[in-house]
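# Quick check, what structure comes out for this input:
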Amino acid sequence: ARDGSISGAASGKQLSAAFNLKQGDVGPPLNLGQNWLVYRVREKVQADPANFEAQKKQLTAELLQSKREVGFEAFRSALSDRLLKEGKLKLMPEKLKTFGRLT
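Purely as a prediction, here's the structure:
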């Protein structure tokens, strides 16, 4: 699945080219840091429209939540930048290092 992974190898996102191949095709070599992965598409299962309809509500909710998180992060970042420029926010990294430690 596109959102799945091959244990100890790669994620569905890294193997995105595989979803455009036909059954039996060999994918391009994939660099995984110190290792390389070469793969062949053994089986290809077409999407089931009935299954999509059953999952549509959940997928819509997940997408909406993702968009909310992106929007909130953009707001938080812009607010933080503005407050830093106005001098209303002061970060103290030395204090953050000791945060949570018992002294």
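
# okay, now residue 8: neighbour count?
Using other CB atoms under 10 Å, residue 8 is surrounded by 6 other residues. Backbone N, C-alpha and C define where each C-beta goes, glycine included.

# Distance-wise, check it relative to residue 32.
Noted for residue 8: a distance of 10 Å to residue 32, by CB to CB, to the nearest Å.

# just residue 86 next, same as before
45 Å.

# So between those two, which is more surrounded?
residue 32 (11 against 8).

# Find the nearest non-adjacent residue to that one, please.
residue 10 (6.2 Å; CB to CB, 6 or more residues apart in numbering).

# That neighbour: how many residues sit nearby?
Residue 10 has 16 nearby residues by other CB under 10 Å.

# pretty sure it is touching residue 30, no?
Yes. Between residue 10 and residue 30 there is a contact under CB atoms under 8 Å: 6.3 Å.

# Now do the residue nearest to the spatial centre of the chain, the pLDDT please.
Ranked by distance to the mean C-alpha position of the chain (CA atoms, centre = their mean), the top residue is residue 13 at 8.3 Å. pLDDT, residue 13: 75.
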